[in-house]
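S.K.: Provide a 3D model corresponding to the input given below.
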Amino acid sequence: MALVKCKECGEQVSTEAKTCPKCGAKAPKKTSLFTWIVLIFILLIIYSANQAPTSSSSSKPAPSLTAETKKAKKVPSWSTSTSKDEMTGKLSAHAHSPNTSPTKVMSFPYSDVSAWLGVGCKNGSEWVYIGFSKSPNLTNTETEDGYSVIRTRIKWNGKVENVVLHQDWGAKFLHFRDDASALAKIAASNTALLELQWHGQQSTYFEFTLNGSSKAISEIKAKCAK
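M.R.: Numbers count the residues shown, from 1 in each chain. A predicted model of the protein is given here:
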């Protein structure tokens with residue numbers, strides 16, 4: 001049993017009494033447990049509503065890709081370079097693909113080898129080659145006077161064909177024997193996949209993108225023609 005003050009006279013009144021024994025006023029009613037539960041439930045609803053994000057922020061559309069973002073995702077393209085013979089003044093120009101690694105990493109000491117497909121021109125002549133960051137050490141080659149002949153396969157887009165390459169001893173470049181045919185294939189294809197039998201490795205494959213190759217080759221031809 002608890003005591004509360006009478007709201008009329010201030011006398012202490014038992015919570016179980018129906019009226020004040022001094023002035024006869026009705027005793028104050030206790031707040032029931034049910035009332036407290038309902039009140040707490042209402043307060044929780046109000047609090048949750050204030051914490052929820054507004055509809056304007058939740059329905060905000062995702063930002064669209066800007067021109068800069070699209071440009072950053074652009075596929076790597078071919079580039080060009082030029083050099084000049086200081087003695088003769090003759091200009092040579094090169095168009096080449098981005099560097100690429102083998103489709104499967106080779107073991108040491110060739111684990112960091114990269115390659116690129118290129119086209120060069122000088123004094124009215126043109127040639128197609130594959131350059132490497134390290135001199136390729138190939139098997140199944142035919143040794144000639146000062147160079148080796150490599151007979152292998154290359155796939156232009158989805159078409160596989162045999163190709164003959166040659167490598168000066170110790171050089172970092174493989175040159176196509178039929179430059180005109182290779183140039184035509186580059187112009188008509190999107191990718192080139194070269195197969196090589198590398199010493200101490202399984203069959204090794206290098207895939208080159210031909211994106212932007214036609215434009216780059218046209219640029220170097222114009223420079224060499226001057």
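S.K.: Can you name the residues that contact residue 90?
M.R.: Neighbour list for residue 90: 84, 122, 123 [criterion: C-beta atoms under 8 Å, 6 or more residues apart in numbering]. C-beta: built from backbone N, CA, C; applies to glycine.
S.K.: If I look at the second one, what pLDDT would I see?
M.R.: Note for residue 122: predicted pLDDT of 91.
S.K.: Contacts only, for the closest residue to it other than its chain neighbours.
M.R.: Closest residue in space to residue 122, ignoring its immediate chain neighbours: residue 92 at 3.9 Å, by C-beta to C-beta, 6 or more residues apart in numbering. By C-beta under 8 Å, 6+ apart, the contact set of residue 92 is 82, 83, 84, 85, 120, 121, 122, 224.
S.K.: Just the element for residue 92, please.
M.R.: Using DSSP states H and E, residue 92 falls within strand 91-96.
S.K.: Tell me how far that strand lies from the chain's centre.
M.R.: 29 Å (C-alpha atoms, centre = their mean, to the nearest Å).
S.K.: mean confidence score for it?
M.R.: pLDDT averaged over strand 91-96 gives 94.
S.K.: Give me the buried stretch members for it, please.
M.R.: In terms of neighbour count (16 or more other C-beta atoms under 10 Å), strand 91-96 has its buried residues at 91, 92, 93, 94, 95, 96.
S.K.: ok, then the element right after it?
M.R.: Assigned by DSSP H and E, the successor of strand 91-96 is strand 115-122.
S.K.: Check which helices and strands that following strand is in contact with.
M.R.: Contacts defined by 3 or more C-beta pairs under 8 Å, 6 or more residues apart in numbering; DSSP states H and E place strand 115-122 against strand 91-96, strand 125-132, helix 179-188, strand 203-209, helix 213-225.
S.K.: Can you read off the backbone torsions of the residue lying closest to residue 123 once chain neighbours are set aside?
M.R.: Excluding the flanking residues, the one nearest residue 123 by C-beta to C-beta, 6+ apart is residue 90, at 6.3 Å. Backbone geometry at residue 90, expressed as degrees, to the nearest 10, gives phi -70, psi 140.
S.K.: next one: residue 44
M.R.: According to degrees, to the nearest 10, residue 44 has phi -60, psi -40.
S.K.: can you list the domains in this structure?
M.R.: The chain breaks down into these domains under automatic domain parsing: 3-52, 76-225.
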